[in-house]
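Participant: Structure, please.
(chains A and B)
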Amino acid sequence: MSSDKFDAGKPVGGLPSPLRRKLLLGMAALPAVGLLPRGALAQALPTDAVNTTKLAVTDSTVKVGILHSTTGTMAISETGSVQAEKLAIAQINEMGGVLGRKIEVIQEDGASDWPTFAEKARKLLVEDKVAAVFGCWTSASRKAVLPVFEQYNGMLYYPTFYEGLEQSKNVIYTGQEATQQILAGLDWVTKEKGAKSFFLIGSDYIWPRTSNKIARKHIEMKGQKVVGEEYFPLGHTQFNSVINKIKLTKPDVIYASVVGGSNVAFYKQMKAAGIDLNKQVLMTISVTEDEMLGIGGENIAGAYACMKYFQSLQNPNNEKFVAAFKAMWGANSVIGDVTQAGYLGPWLWKLTVEKAKSFDIDKIAVASEGIEFSGAPEGYVRVHGNHHLWSKTRVGRARPDGQFDVVYETADLIEPNPFPKGYQ
Amino acid sequence: MTRNPQTGLLDRGLWRIDGDVVGILLLAALLVIVLPLGLDIFRLNMVGKYLTYAFVALGLVLCWGSAGILSLGQGIFFGIGGYCMAMFLKLEASSPEATKIQSTPGIPDFMDWNQLTALPWFWEPFHSLTFSIVAVVAVPALLAFIVGLAMFKRRVGGVYFAIITQAFAAILTILIVGQQGYTGGINGITDLRTLKGWDIRTDEAKLVLYFVNAALLIGCILLCLTVRRSKLGRILVALRDKEDRVRFSGYDVANFKIFVFCFAAALSAVGGAMFTLQVGFMSPSFVGIVPSIEMVIYCAVGGRLSLLGAVYGTLLVNWAKTMLSESFPELWLFAMGALFIGVVMVFPNGLAGLYQQYIAPRLRRPFVGRAKMPAAAAPIIPPHTAAD
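Facilitator: Residues are numbered from 1 along each chain as shown, chains lettered A, B, ... in the order given. Now for the predicted structure:
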């Protein structure tokens, strides 16, 4: 059964099924796997040759860092990413590791606090000399660690969809930048729903503001109208005034980028105010399956979300990914867009290291361009020279059970363009 | 030389050599000799970061410990001091050459993202280092003066004052987060590089900044000690213990309170500025209610009545925070909580209280005769606090 294999690009083989079964049994056998004789690969590529910059690489192991918030307000969002990254690493170790070396994880807690992220990033790079770090979630945490990664020449795999306007040799952005998430969705809603007027509403920080800036330009370039644009502080829970404005302006589409806990209040108050999302089109770029858990499917059913991945996506890669994720982390776990992007990080890093035949950061930064991962749950991805991923845009419609029906996906992969001309 | 009327001891003025001064020398030796020799630059930089909080704790010892004014908004001043420094560094990092990919080169990157096309007027003076350094101290002191004037002249004190300072911390956070085109929003001001062309990100710069920070801290401790030993310091203690009596004696209580609040604000701001220099960014997460309360905890763990205790308390809490979170990323917050509860239940006067109670008497006995070990030397612990 060929679809039973993780086809992870050319250099790697499939996941043998007895091993896979072990994997599905919850990784109980992991420690034993570490004792299996390593392939000839490690001997063929001596550590001195693949690691010229004194990273934590030995003949049989390589250390990597996971840096997310496991405490504080962001823990609820970042836990999925941690789980996905650990799953990917466990699977890679099952297959023999990276260049014959088993991956060892050092996990640090960013504690939802940006300076702590910077401190822990420095610790991972300076003290532990990790070969790569998978981590960060909010833009603020990424901005805090970016100078650290550039100064100590580390490599960060960043999973969240974000505002763009950034590109670094030391970061691979596995989520989508703003134009990849926004433009195709707007075009779809215009074509399918005949939308002419939009009401933009978001939380007040860089990502919603930049996203709405891009959305507004795109809307106005096509001769449509933005009838309102409102921002609320993070954690805000009183949306009645804006809901009244929405009722007054009667936009064809509500375009929402409200994040975190505010979502719960926003959707419940809309429902209470009598806005039926089956009649009023609402498109969000900030609600994934994870947020749906808090909002409650019945409060948001009918809304459209614009993402690159949904748990309900039907392809062999995703079916296996979802099964493995549930086997490792429990049958009730849900998988959102960012969780899937987090899963890509360790795989892309493995493929890049094997292409470069080296753990050196400089070589990985160069070799990243053109890396293809056909085992991605979202289908197939490729790394662009600007360190972002080519990926599709998909529109999903929220169901009462907390999942999405995928109603549209772009035919081709969309080129990442973190500095979009004409949209700034 | 006069005799202290209460203790009957000789009062040799502000600069007498005693346990406090020896303690400061020991702390100086620890900071300047022991730690730099014992730690690598990464850990030393972390200690430097912790020490910037110690400035806030020092201010709290005066404001809360001595004068009895509990401020739960010291993060405001720490933050403003840090932001003043960050604004200068950000402007230096945003030269037209370094920012030529932006739509408007020469302004900080976050302004460009927020569609600003010119530098706001209040950013202009921060091109000057002298102005920035003056602003680090002056702006927070001025703000503290205004808040103090409004509160203390109306005799608002105690719990009400603490709540109002919290409200100010919340207001300032919302302002900074909301006005992100002018302040960098929730991301803060990041990616600071050089100070007058000197790269602050290198290991050498970190070492130099650590020593500057340590020297400033020792200087501030001496300044605080001078204040505490002066007549002013005694009036502060008096108004903590019996405010009405001080007022009836003809002192304007409000002025003293305003002074000590401004003084604590200025100290916090120096810490904030040093924080920005050593960590390389500033964000609203240091301004709000939670960090402000955390800073009070540092002071409480160390002992709010002791200057040195506050420094050690800050070091201990932050060190524990780092170590616990590195070892138990999932559980460390519980351990911290247990530590705080333990401190408050077991030794309410903090580390300094422990020292006074158990260690100091043993140290003193060999040197000083029993008769000379009077009430004056001991008790930083005020009678009514010991009771509650």
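Participant: How many residues are close by residue A:405?
Facilitator: Around residue A:405 there are 12 other residues, counting by other CB atoms under 10 Å in any protein chain shown. C-beta: built from backbone N, CA, C; applies to glycine.
Participant: The stretch 201-350 of chain B against chain A: which residues are in contact?
Facilitator: The interface of the stretch 201-350 of chain B toward chain A, taken as CB under 8 Å from any CB of the partner chain, is made up of B:201, B:279-281, B:283, B:285-286, B:322, B:325-326, B:329-330, B:332-333.
Participant: contacting residues around the residue of the stretch 1-150 of chain B found nearest chain A?
Facilitator: Closest residue of the stretch 1-150 of chain B to chain A, CB to the nearest CB: residue B:42 (4.6 Å). Contacts here follow CB atoms under 8 Å, 6 or more residues apart in numbering or on different chains; on that basis residue B:42 touches A:122, A:123, A:126, A:127.
Participant: These in helices, which ones?
Facilitator: Taking DSSP state H, the ones among the contacts of residue B:42 that sit in helices are residue A:122.
Participant: rewinding a little: what helix or strand does the residue of the stretch 1-150 of chain B closest to chain A sit in?
Facilitator: Using DSSP states H and E, residue B:42 sits within helix B:41-60.
Participant: Next, the angle from the next helix or strand after that helix to helix B:41-60.
Facilitator: The helix or strand immediately downstream of helix B:41-60 is helix B:74-93, counting by DSSP H and E. On the basis of axes from the mean of the first three to the mean of the last three CA atoms, to 10 degrees, helix B:74-93 is oriented at 130 degrees to helix B:41-60.
Participant: shaky segments in chain B?
Facilitator: B:1-17, B:364-388 (pLDDT under 70).
Participant: Residue of it closest to chain A, please.
Facilitator: Counting by CB to the nearest CB, chain B gets nearest chain A through residue B:329, at 3.8 Å.
Participant: What count of nearby residues applies to that residue?
Facilitator: Residue B:329, neighbours per other CB under 10 Å, totals 22.
Participant: which residues sit in contact with it?
Facilitator: Counted by CB under 8 Å, 6+ apart, residue B:329 has contacts A:70, A:107, A:108, A:109.
Participant: What does the pLDDT read for the residue nearest to it when sequence neighbours are not counted?
Facilitator: Sequence neighbours aside, residue A:109 is the residue nearest to residue B:329 in space, at 3.8 Å (criterion: CB to CB, 6 or more residues apart in numbering or on different chains). pLDDT, residue A:109: 92.
Participant: thinking residue A:109 is in contact with residue A:74, fair?
Facilitator: No: the pair residue A:109 / residue A:74 is not scored as a contact, 10.6 Å apart, by CB atoms under 8 Å.
Participant: if we can go back for a sec, how about the residue nearest to residue B:329, what does it touch?
Facilitator: Here residue A:109 is in contact with A:68, A:69, A:70, A:71, A:116, A:120, B:325, B:329, B:330, B:332 (CB under 8 Å, 6+ apart).
Participant: Quick one, which of these are buried?
Facilitator: The neighbour-count test (16 or more other CB atoms under 10 Å in any protein chain shown) applied to the contacts of residue A:109 identifies A:68, A:69, A:70, A:71, A:116, A:120, B:325, B:329, B:332 as buried.
Participant: Give me the subset of those that lies in helices.
Facilitator: Going by DSSP H, the helices hold A:116, A:120, B:325, B:332 from these.
Participant: what comes up buried for stretch A:50-58?
Facilitator: Result for stretch A:50-58 [16+ other CB under 10 Å]: buried residues A:50, A:51, A:55, A:56, A:57.
Participant: about what we covered before: spell out which residues are contacts of both of residue A:109 and residue A:74.
Facilitator: Residues touching both residue A:109 and residue A:74 by CB under 8 Å, 6+ apart: residue A:68.
Participant: ok, back up a step: can you select the buried ones from the residues of the stretch 201-350 of chain B next to chain A in ChimeraX?
Facilitator: With 16+ other CB under 10 Å as the criterion, this ChimeraX line picks the buried residues out of those:
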select /B:201,279,280,281,283,285,286,322,325,326,329,332,333
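Participant: Can you pick out the most distant pair from the residues of the stretch 201-350 of chain B next to chain A?
Facilitator: Spatially, the most separated pair among those is B:201 and B:330, at 31.3 Å (CB to CB).
Participant: Quick one: the strands in the stretch 301-424 of chain A, in order.
Facilitator: Applying DSSP state E, counting those that start in this stretch to the stretch 301-424 of chain A gives strands spanning A:304-307, A:372-373, A:381-383, A:389-390, A:394-398, A:404-409.
Participant: With the stretch 1-150 of chain A instead?
Facilitator: Ranges of strands within the stretch 1-150 of chain A are A:61-68, A:102-109, A:133-135, based on DSSP E, counting those that start in this stretch.
Participant: any chance of the ones you listed in a markdown table, plus distance to residue B:227?
Facilitator: Output for these, formatted as a markdown table (distance: least, CB to CB, whole Å):
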| stretch | distance to residue B:227 |
| --- | --- |
| strand A:61-68 | 43 |
| strand A:102-109 | 39 |
| strand A:133-135 | 45 |
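Participant: For the helix or strand containing residue A:218, which residues meet the burial criterion?
Facilitator: In the assignment (DSSP H and E), residue A:218 maps to helix A:206-221. By neighbour count on 16+ other CB under 10 Å, the buried set for helix A:206-221 is A:206-219.
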